[in-house]
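K.L.:
Attaching a predicted model along with its sequence, questions to come.
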Amino acid sequence: MTLQDELQAHINDPGQLEKMYRSNKTQFKKEFNLIYPSLQGNLIADTWHERLNFEKEEIVSGGNKRELQFILIIAVLAGFIAKLPAWFQLREDFFYPRNIGFIVLPFIAAYFAWKNNLSSKRMIVLALVLITSIAYINLLPDSSASDTLTLACIHLIIVLWVFMGSAFVGKNLGDMDRRLGFLKYNGDLIVICALILIAGGILSGLTVGLFSLIGIEIADFYFEYVAIFGLAATPIIGTYLTQSNPQLVGKVSPVIARIFSPLVLVMLVIYLVAIIYSGKDPYNDREFLMIFNTLLIGVMAIIFFSLAEGSNKAKSRPEIWVLSFLSLVTIIVNGIALSAILFRISAFGITPNRLSVMGGNVLILINLLLVTVQLFRVISKKTDISNVGKSIASYIPIYFIWVAIVTFLFPVLFGFR
């Protein structure tokens, strides 16, 4: 009996049809479509026809033409900003540390403001914040030995990130789902930008190599112009792809978060044990303390992105347990780092760097405690996973207040030293 005969014989037996389909999907579809005209009108046959011939959504859609034009314009503008030191003979060591955040973040904020159709009043406020920030950071005294200048430059990027987030959230700044959506967007953006950079790196290497083979050296021109414009445009193009094609990385980021959470937990536990045997400690080793805090921020980001990815979706109990233990271990790491900073302050006095790091660690500790409590409430079935996300989203303004203080008040409070 041929497959067509079997299909005809079992057309009213959904269970048998499913078995046949799973045994050879390609052949099943081909043979079914051949005999379907004779079966049309049969409810089961019609259902299978729709299932087999459903047109899947394109992985990458072209999106709105005006939106794409807007993206291309701001991507080019970002490249122009990145090239200002070369074109106007500005000192690179002065321009880039102060203005690196202005190359990309305001343009992405402009895209979200345009996309969300923000009111003129909100647009004016955002523009004033941007202009004030540009003027402020570039008017700070030029001193390579100034800790407050370094802190202001670093924290200004976070200020601009929140500035971008306010444009992403849109008209209702108190919308917790939109705030979590912003965190999810950041995770998706990291994934898509990594893919773009890998592809761009391969293309760049091939292009320079091929021209070199025919005796034309374009490396200097390529990396001074094409690469710079490409790097500036990458987060902007990545943003467009995540917003116009959410399915592009929407399924990748949760998988990455699911895989890395248990791996990071194991690594962190092993690392804490290894510290005891290594003889290293953050109390007397400043460089080690800096690395320790960087580790803390990275792990915290993984926790927050993992929760943002699944804030409105059910998570399995093993996933919740992993995130709960990861939060607990991160609290231990935070406690060690915080105690080391307090030790250094008591031994050597307050400096802008120590006060800045201490304030950040205290805020992170409080946030982690809130998240951990909510996670264990989920485990005990006293709340759902969405409340964990809300405990993250509602805390973002607290971080913003602290980074704004470090950026705009620390230089003045500490006499620009």
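P.N.:
Yep, that arrived.

K.L.:
Just give the nearest non-adjacent residue to residue 393, would you?
P.N.:
residue 179 (3.7 Å; Cβ to Cβ, 6 or more residues apart in numbering). For glycine as for every other residue, the C-beta is placed from the backbone atoms N, C-alpha and C.

K.L.:
Which secondary structure elements does the helix or strand in which the one you found is found sit against?
P.N.:
Counting by DSSP states H and E, the secondary-structure element that holds residue 179 is helix 176-213. Using 3 or more Cβ pairs under 8 Å, 6 or more residues apart in numbering; DSSP states H and E as the contact criterion, the secondary-structure elements in contact with helix 176-213 are helix 147-169, helix 227-244, helix 252-278, helix 286-309, helix 385-393.

K.L.:
Spell out which residues sit in contact with the closest residue to residue 360 other than its chain neighbours, please.
P.N.:
Counting by Cβ to Cβ, 6+ apart, residue 402 is the residue found nearest to residue 360 once chain neighbours are left out, at 6.7 Å. With contacts defined as Cβ atoms under 8 Å, 6 or more residues apart in numbering, the neighbours of residue 402 are 359, 360, 363.

K.L.:
do you know how far residue 285 is from residue 234?
P.N.:
Relative to residue 234, residue 285 is positioned 36 Å away (criterion: Cβ to Cβ, to the nearest Å).

K.L.:
so how far is the helix or strand hosting the residue nearest to residue 360 from its chain's centroid?
P.N.:
Residue 402 is located in helix 396-408, with elements delineated by DSSP H and E. On the basis of Cα atoms, centre = their mean, to the nearest Å, the separation between the geometric centre of helix 396-408 and that of its chain is 20 Å.

K.L.:
Let's verify residue 382: helix, strand, or coil?
P.N.:
What DSSP: H, G, I helix; E, B strand; the rest coil gives for residue 382 is coil.

K.L.:
quick one, phi/psi of it?
P.N.:
Note on residue 382: its backbone torsions stand at phi -90, psi -10 [degrees, to the nearest 10].

K.L.:
what's the neighbour count on it?
P.N.:
For residue 382, the tally of surrounding residues (other Cβ atoms under 10 Å) stands at 10.

K.L.:
list the contacts for it?
P.N.:
Counting by Cβ under 8 Å, 6+ apart, there are no residues that residue 382 touches.

K.L.:
So, low pLDDT: which residues of the stretch 201-350 of the chain?
P.N.:
247, 250-251, 253, 309-315 (pLDDT under 70).

K.L.:
80 instead, please
P.N.:
Low-confidence segments of the stretch 201-350 of the chain (pLDDT under 80): 245-258, 278-281, 284-289, 292, 304-317.

K.L.:
Kindly report the same for the stretch 51-200 of the chain.
P.N.:
Using pLDDT under 80 as the threshold, the predicted model of the stretch 51-200 of the chain has low-confidence ranges 54-64, 144.

K.L.:
can you pick the most crowded of the contacts of residue 402?
P.N.:
The most neighbours of any of these, using other Cβ under 10 Å, belong to residue 360, which has 22 neighbours.

K.L.:
Could you write out the alpha-carbon coordinates of stretch 288-298 in PDB?
P.N.:
What follows is stretch 288-298, C-alpha atoms only, in PDB (Å, rounded to 0.1, in the frame of the first residue of the first chain):
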ATOM      1  CA  PHE A 288      41.300  42.300  43.200                       C
ATOM      2  CA  LEU A 289      38.400  44.300  44.800                       C
ATOM      3  CA  MET A 290      37.800  46.000  41.400                       C
ATOM      4  CA  ILE A 291      37.600  42.700  39.600                       C
ATOM      5  CA  PHE A 292      35.400  41.300  42.400                       C
ATOM      6  CA  ASN A 293      32.900  44.200  41.900                       C
ATOM      7  CA  THR A 294      32.900  43.700  38.200                       C
ATOM      8  CA  LEU A 295      32.100  40.100  38.700                       C
ATOM      9  CA  LEU A 296      29.200  41.100  41.000                       C
ATOM     10  CA  ILE A 297      27.700  43.500  38.500                       C
ATOM     11  CA  GLY A 298      28.000  40.900  35.700                       C
END
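
K.L.:
how near is the closest residue in space to residue 225 that isn't next to it in sequence to residue 389?
P.N.:
Leaving aside its chain neighbours, residue 225 sits nearest to residue 83 (7.6 Å; criterion: Cβ to Cβ, 6+ apart). Computed as Cβ to Cβ, the residue 83 to residue 389 distance reads 40 Å.

K.L.:
neighbour-wise, which of the two wins?
P.N.:
Here residue 83 and residue 389 are compared on neighbour count by other Cβ under 10 Å; more neighbours surround residue 389, at 26 against 16.
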